[in-house]
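# here's a sequence, model it:
(one chain, ligands or ions: 1)
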Amino acid sequence: MHRRRGWAAALAGVTLVLATAGGAVLGTAATRALADAPEPAWDNGLAATPPMGWNSWYTNKCAVTESSVKSAADTLVSSGMAALGYKYVNIDDCWMQSTRDSSGNLQPDYGKFPDGIAGTADYIHGLGLKIGIYESAGTQTCQGLPGSYGHEQADANLFASWRIDLLKYDNCGNHGVPALTRYTAMRDALHNTGRAILYSICNWGQESVPTWGAGVGNMWRTTGDSTATYASMLSTFKGNMAQASFAGPHGWNDPDLLQVGNGKTATEDQAEFSLWAEMAAPLIASTDLASASSATMSALTNSRIVAVDQDSLGVQGTPVKLNSGLDALTKPLSNGDVSVVLFNETDSAATVTTSAAAVGKSGASSYRLTNLWTGATTTTTGTISASVPAHGVVMYRVSGGTAASTGWSSTLLGAQSSRCLDATGAERTNGTQVELYTCVDGAVNQYWHLTPGGEILVYGNMCLDAKGATTTNGTPIDLYTCVGSDNERWVYRDDGHIVGVQSGKCLDAIGQGTANGTKIDLYTCVDQPNEVWNKP
Ligand code: GLA
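Next up is the predicted model:
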């Protein structure tokens, strides 16, 4: 398994950056990625699966206090939620005073937090949990308190000194400064502290954040603030679903906090919980846990559904049909099972139907369906169908046969060269030909993800592509926007060959080259180690 490391560790191995007069930059893949800043080339090693926890906002708003936060943390432990993975206890807006101190530091509101944030952090850490805090990438927070813009390093240092584990970074008071500038400034400040702090970008889906979020933070909001209504849940779901291709381990689409228990019906809350899990969304409940009903607690603690969310493959589920408000979504899981959500958006009960083939299953005469809400199991020869209540879901884990492709995320190590398949220079430009380069642990431009559809992605959103859709020997393999065509689809064979679906030809290190910079092309599949790519 490929292990990704934090910046500090990744940089420890980097000694040399040489910029030539022509602007070319020499050095390792990681240095080249860094030199291109703000080109996203960031990985703090956190959030291999979607973050889980609690957030104060929708429950406490500006009445948040040390005691409300501690009480939520206590309930996470006593309810069993913490053991299921709900680890981050996040203090949202309104924890601070309205001015910085004479040294320019943020000051906790000691009326609300008598032990300060550091004291609160100690308590939360003592429970075995992690603590998150809130700030804004602007001159003010959304409640008009001092923002971090222009104070990024001082504020990051302060958070690290308080032993903060997560920062939710909002978008108020931004004066129109581009989001990428503001969010990378805090990314770098957090990195400079040397503390691993999960970085949650909250710019409400603006400025195409899904396309660059994975290089900057661990999660990014895809929509505006939700409310505890069915209409809001539906539009948030649709907005987040459209960004599926950008999500993956260490970087997740965030459809806002869970509103389970805050006002919808129990049926609607179950739909929200299923859809968020199917979309590999962060599961951060913003619920008053102390007064939550048993229906709310049993939804939040459904371990079968949490397991779908937390599956190590890290694929966000996608729709197989969205007809007349009767939807079916599929999410491949690491053991070859598939999670299916049948969702009835409409106002009356209806039958929602799909099939094993449509959700990516084949090769068996019957499949086992485990209903993830009831635990009941049934079998089917192919049809997957259920009567679904209005605004509700039926959610199944489908086992048996084989999955179309379960996908994987890994580096690809050339068997002959012992060098990695590398997106040259950490470039993101369409047409950049890929090459061999010394493997650098943690380099995002050497980390590839095979999707269930057979695309091989880098940065979560660019595809390995046979240039010009040509199929002749010597066709360059480049990076290109994913467009769903067959020159961007590949089969990873058990023997390590990567075969183009369109050409039937293999990914090949040109001329059996083994040096850094050896380019990759398409070539007739032969039994030679320059066509063998191992997943370490
Ligand atoms: C914005 C964010 C919310 C919340 C509030 C706090 O609206 O999107 O999630 O943090 O600010 O003021």
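# could you check the pLDDT of Thr374?
You'll see Thr374 listed with a pLDDT of 98.
# same question for Thr451.
So Thr451 comes in at 75 (pLDDT).
# from what I can see it touches Leu457, true?
Yes - with contact defined as Cβ atoms under 8 Å, Thr451 counts as touching Leu457 (6.4 Å). In short, each C-beta sits where N, CA and C put it, glycine included.
# list residues touching both of these two?
Common contact partners of Thr451 and Leu457 (Cβ atoms under 8 Å, 6 or more residues apart in numbering): Ser245.
# what lies in contact with the helix or strand where Cys463 lies?
Secondary structure from DSSP states H and E places Cys463 in strand 462-466. In this structure, residues lying in contact with strand 462-466 by Cβ under 8 Å, 6+ apart are 423, 428, 434, 448, 455-458, 475, 477-483, 487-488, 490, 500, 502-503, 507, 522.
# adjacent strands (with direction) for it?
strand 456-458 (antiparallel), strand 477-481 (antiparallel) (DSSP bridges).
# show me what the helix or strand encompassing Arg304 packs onto, helices and strands only.
Assessed by DSSP H and E, Arg304 sits inside helix 303-309. Here helix 303-309 is seen to pack against helix 266-278, strand 393-399 when contacts are counted using 3 or more Cβ pairs under 8 Å, 6 or more residues apart in numbering; DSSP states H and E.
# going C-terminal from the shortest one, what's the next secondary structure element?
This means strand 393-399. strand 402-403.
# now do that next one: which elements does it pack against?
strand 361-362.
# please save the CA atoms from the very next helix or strand once past the strand it packs on in CSV.
The element immediately downstream of strand 361-362 (helix or strand, assigned by DSSP H and E) is strand 367-371. Extracted C-alpha coordinates of strand 367-371, given in CSV (Å, rounded to 0.1, in the frame of the first residue of the first chain):
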residue,chain,number,x,y,z
TYR,A,367,-26.6,-11.6,-5.8
ARG,A,368,-27.1,-11.0,-2.1
LEU,A,369,-28.7,-7.7,-1.1
THR,A,370,-28.2,-6.5,2.5
ASN,A,371,-30.7,-3.8,3.4
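# pull the distance from strand 367-371 to the chain's centre.
The chain centroid and the centroid of strand 367-371 are separated by 27 Å, computed with Cα atoms, centre = their mean, to the nearest Å.
# partner strands of it and their direction?
strand 377-380 (antiparallel), strand 393-399 (antiparallel).
# any chance of the ones you listed in a markdown table, with distance to the ligand and mean neighbour count too?
A markdown table is the format used below for these (distance: least, Cβ to the nearest ligand atom, whole Å; neighbours: other Cβ atoms under 10 Å):
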| stretch | distance to the ligand | mean neighbour count |
| --- | --- | --- |
| strand 377-380 | 39 | 13 |
| strand 393-399 | 25 | 24 |
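# in a markdown table: the ones you listed, plus distance to Trp533 and mean pLDDT.
Shown next, in a markdown table, are the strands paired with strand 367-371 (distance: least, Cβ to Cβ, whole Å; pLDDT from 0 to 100):
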| stretch | distance to Trp533 | mean pLDDT |
| --- | --- | --- |
| strand 377-380 | 37 | 98 |
| strand 393-399 | 30 | 98 |
